[in-house]
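[1] Below are the sequence and a predicted model; questions follow.
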Number of protein chains: 2
Amino acid sequence: MEAGAQREATQPMLVVQEETPMVGVRPKDTEHETEAAAAAVELVVTQPEVLAPEGRTDYDKLVDLFGCQQIDAALVHRIARLASRPPHRFLRRGVFFFAHRDLNSGNMPTRVDPFLLNPPSTGPSGFDPFQPTKTLKPNARFMFTEYLQDAFKVPAVTVAECKRLARENAKDIIACGFDIQRTFIFTNISYTRRAFYENILEVAKRVTCEDSIRIIGGSQEDNIGIVSFPPVVAAPSLPSSFPHLFPRNDQPRCLIPCVIYRDPSFRMIRDVAPKIGFHKPSLIESKILPALQGEESSKMSASNPNSAIYKQIKTKVNKYAFSGGQSSVELHRKLGANLDVDVPIKYIEFFLEDDDEFEHIKKEYKDGRMLTGEVKQRLTAAISEMVSRHQRARAQVTEEMVDAFTAVRPLPNMFG
Amino acid sequence: MEAGAQREATQPMLVVQEETPMVGVRPKDTEHETEAAAAAVELVVTQPEVLAPEGRTDYDKLVDLFGCQQIDAALVHRIARLASRPPHRFLRRGVFFFAHRDLNSGNMPTRVDPFLLNPPSTGPSGFDPFQPTKTLKPNARFMFTEYLQDAFKVPAVTVAECKRLARENAKDIIACGFDIQRTFIFTNISYTRRAFYENILEVAKRVTCEDSIRIIGGSQEDNIGIVSFPPVVAAPSLPSSFPHLFPRNDQPRCLIPCVIYRDPSFRMIRDVAPKIGFHKPSLIESKILPALQGEESSKMSASNPNSAIYKQIKTKVNKYAFSGGQSSVELHRKLGANLDVDVPIKYIEFFLEDDDEFEHIKKEYKDGRMLTGEVKQRLTAAISEMVSRHQRARAQVTEEMVDAFTAVRPLPNMFG
C-alpha cells in the first residue's frame, strides 16, 4: 500500500516479492518536484543532443537522469510467468519497452488484482516532440497494451485528445485488437463527466505553472490550453475519473505504457496521486524507434494496401534507412555489417516476431554473408505485412464499433 | 456588427447613434495584447500604490491605463431612457459603476435586442485580490445586475466557481431578486456541457500562459488550476456555451458587469471573441468600495438579524470608518468635515437611495452642523436596513429554489 493512499482496494491484492535487484536502480524514486528530476527534464528539453550523441539516444543516461529503472531479464520472466505466455518481443528483446517505475513492488498486473491500463494517446501538436513514429501505423504502444490486456484480462482506458482526429485514432486503436468488453476510448471533449473534470482540477491545483511548462517542454509563450494539458492527460490514471467503470469506488492500480520521454509527465501524477488518496500509477516505458530520416514528411497511403504499401515502404526503407553495411560488396563480404549503427537491423528486431530468423539474419549480416539490400528487402516485407494486416483490421472497424468503444458504459466483465 | 463576427444575430438589432463624446476616451480600444495594456496590468499588479496614493484609488488613471471609457451623464441618461426608469444610484452618482467598454456603440441593452448579462462571481482564492467588499453582503454587483435584468427583461447567466460555496453564493444571488424565468446560475463543475468545455478550450488556445499569469496577477509558481482559470471565467460570455438557452445558435450580445480590476480579464475575451466568431462582450465596470479598515477579518453573523446586525455594523462603522470630521466638536462646528477623505459619507452615498436626504447630509456635515457620530449613526441604520432586508430575502430562499435556478433548462420567456 502506498503511503498516503487513503482509499483501500476492495479486491484481493497479490503482493509479489522482490526477486532481484534492478539494473540502474537509483537510491530512491525521484519524483517530479526534486531538483535532480527537474534538472533532468531541463536537460532533455533544452539539450536533447546530450542524450543522443551521434544521433543515437543514450537510454542508460536517460534512465539515470529520470530516476526510473531498467527492465532486466528477471522482470521480463516474472511478467511472462504472471501472464502465462511468452514475453512480447518488445519486452524480451528490450527493443521497445525497456524501463519502468514500480513494476517490481506489488504493482504488477496479475489475473487476481484489479488493474487498469492507461496508455496515453498522442497529444496535441507540440505536446510530444520526441515521438517520431507517428506515421508508422499501427501504433506500437497500443499493440503492446493490447498484449497486456489479453494476457492479464484487465480493462484499458485511453484518452484521445484531438477532437478532429479522435475517431480516426480510435479506429487505429480498435484495429490493434482491444477487447470491447474491457476497453473504454474517450476524448477529453466527448467525455465530460463531472468526476473526470473534478480530478483534472484536483491535479491542476497541485501542479505549478512552472512545472507544467517544464513537462510539456514549452515556455510562457505557449497558449494556456497546452500548458494546462498535463492534468488532463494525468487524470485518467485516477480510477475515480470513471464512475461508470468503478462505481463502488474501487481502487485498481494503474499501469501506464508510455514512451520514456513522457516520464516527466507521469512522474507528476505519481507525485500528486497519493496526495489526493490514490495509488501511484506504475509506468512501463518504451524507447523511440530510430527515425527513418525524412519519414515525417510523407504519409503512407491507405488505399490499395496490398500493392501500394509494399512499394511505398520499399522506397522509404531503401532511400532513408541508414546502413551499417560496407561501401562495396567485396568489402562487405570481408568485413560484414556494423550492426550498432545499422537502422534496418533495428527495425527488423522491432517488427519481426520470429526469434530464430532474427538471430539468423543478424549473424549472416554481421558476417558479411547477407547484403544490406537483402536485409532491407526482408525488413520491407516485415513492415508491409504488419501494415497490411493492420489496414485490413482497420477496414473492418465500422463507425458503429467506434460508437460502441467510446460509449460511456459499464464494462461488466472487465476483469478476469 | 463587430469585424470578425461570423455569425449574425437572428433577432432585430437597434443601432443607437453616438450622442456625445465620452470623457476620457482614448483614440482606440486597447486590447489585451498591446504593450500599453500589458504594461498597465503589470503596474496594477506590481505597484498598486501608484494607483492608490494616500489610500485613495485614482480611477481616472486606471481608466486611462486600461483604455476603457468613463461613463458620463449623457450615457447615464441614455441607459435610463432605454430602461424607462430612473438610473440606479450606482450609476447616477458615479459611486460604483463608472466606466465601460462598448456601451456606446450599438451594444446597449434594449428591450428589442437579445442581450445576455454575465456578472462574474467571486473567483477562487487569490484570483481577485482587489475586491475588499466580500463580507459586505449582499453583493452590490448582483444588485445592480438585477436592476439591469428587471429594466431590460434580459437573461443573466453567472458562474460560481467554488464548489463548496456555490450553493451559499447562489442563495445570495437569488436573494437579490433575480427572475427565475431569465436566470441560470451554474458552476464550472456542475455544468459540464460539452459546448461550454469546448468554448473554454477554444479560448485557452488563444491566450498565452504569460498573458494568463498577468491577468490573474500571479506568477509561474501559481498552480496550473488557477493559471488556466481565465478561459473558464471568459467562456460564459460566449452564448454558444449555453445550447439549452440559445439552441438556434442565436448571438445575443453580452454585457459583463464587473469590478474595474477585472478589466484585463475581460479585455482578453473581448480580444478573443471575434477570432472565434462571436461578438465582443461589452463591459460596465465598477469602483471598489473604500475599505473599512479591518473589515476583512471579521464576518457579520447571519443569526438574529434584527438586533445583532445593527450592533455589529455600529461597532464596525464606529471603530473603523475613517472620519473626515475635526478633532473636537468646537473645531468641527467651525470648519466642517473634509468630505474628500471621509469614509462614512462615501458609504452613505453608496447605500442611501434617497438623493435629497443624501444631499442634505452632505451639506450639513460639510458645514459642521452635523457631527461624524451622527453621520455614522445614519450610515449604520442604512447598512443595517439593507443587510436585514437581504437576510430576510435570503431566508426565504429554499434549497428547491437553488435547484431550480441551477437546473440546466431552457428559459422560454427570457427576453422581453
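    Nice, thanks for sending it over.
[2] Only C-alpha atoms from now on, for both contacts and neighbour counts.
    Will do.
[3] which residues touch the residue of the stretch 301-416 of chain A found nearest chain B?
    Nearest residue of the stretch 301-416 of chain A to chain B: A:Val408, at 14.2 Å (Cα to the nearest Cα). For A:Val408, the contacting residues are A:184, A:191, A:244, by Cα atoms under 8 Å, 6 or more residues apart in numbering or on different chains.
[4] same thing with A:Val203?
    A:Val203 sits next to A:231, A:234-235, A:269, A:272-273 when contact means Cα under 8 Å, 6+ apart.
[5] what comes up buried for the host helix or strand of A:Ile215?
    Taking DSSP states H and E as the definition, A:Ile215 sits inside helix A:209-216. For helix A:209-216, burial by neighbour count (16 or more other Cα atoms under 10 Å in any protein chain shown) applies to A:209-216.
[6] Output the contacting helices and strands for that helix.
    Judged by 3 or more Cα pairs under 8 Å, 6 or more residues apart in numbering or on different chains; DSSP states H and E, helix A:209-216 is in contact with helix A:35-46, helix A:224-227, helix A:230-234, helix A:263-272, helix B:224-227.
[7] For the second one, name the packing helices and strands.
    What that stands for is helix A:224-227. When contacts are defined as 3+ Cα pairs under 8 Å, 6+ apart, helix A:224-227 packs onto helix A:209-216, helix B:194-204, helix B:209-216.
[8] Please tabulate those helices in CSV and include mean pLDDT and distance to B:Leu283 as additional columns.
    As requested, those are exported to CSV (pLDDT from 0 to 100; distance: least, Cα to Cα, whole Å):
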stretch, mean pLDDT, distance to B:Leu283
helix A:209-216, 88, 29
helix B:194-204, 92, 18
helix B:209-216, 88, 16
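[9] for those, which one sits closest to A:Arg248?
    Evaluated over the helices and strands packed on helix A:224-227, closeness to A:Arg248 peaks at helix B:194-204, with 26.0 Å, by Cα to Cα.
[10] Run the angle between the closest one and helix B:263-272 for me.
    Here helix B:194-204 runs at an angle of 100 degrees relative to helix B:263-272 (axes from the mean of the first three to the mean of the last three Cα atoms, to 10 degrees).
[11] so where's chain A uncertain?
    For chain A, the stretches flagged by pLDDT under 70 are A:1-56, A:105-114, A:121-138, A:160-165, A:249-250, A:289-309, A:416.
[12] Near chain B, which residues of the stretch 151-300 of chain A are found?
    Applying Cα under 8 Å from any Cα of the partner chain, we find that the stretch 151-300 of chain A lies next to chain B at A:189-190, A:192-194, A:197-198, A:201, A:204-210, A:212, A:219-228.
[13] What remains of the residues you listed if I keep only buried residues?
    Buried by 16+ other Cα under 10 Å: A:189-190, A:192-194, A:197-198, A:201, A:204-210, A:212, A:220, A:222-228, out of those.
[14] Any chance of the backbone angles for A:Ser282?
    phi -90, psi 160 (degrees, to the nearest 10).
[15] my guess is it meets A:Cys258, correct?
    No - if you go by Cα atoms under 8 Å, A:Ser282 and A:Cys258 don't touch, sitting 10.5 Å apart.
[16] didn't A:Ile200 look like it was pressed against A:Ser228?
    No - between A:Ile200 and A:Ser228 there is no contact under Cα under 8 Å: 9.6 Å.
[17] Just the buried residues of the helix or strand hosting A:Gln391, please?
    Using DSSP H and E, A:Gln391 maps to helix A:372-395. For helix A:372-395, burial by neighbour count (16+ other Cα under 10 Å) applies to A:372, A:375-391, A:393-394.
[18] Most proximal residue of the stretch 51-200 of chain A with respect to chain B?
    Taking Cα to the nearest Cα, the stretch 51-200 of chain A has A:Thr192 as its residue nearest chain B, at 5.9 Å.
[19] Which secondary structure state is assigned to that residue?
    With DSSP: H, G, I helix; E, B strand; the rest coil as the basis, A:Thr192 sits in coil.
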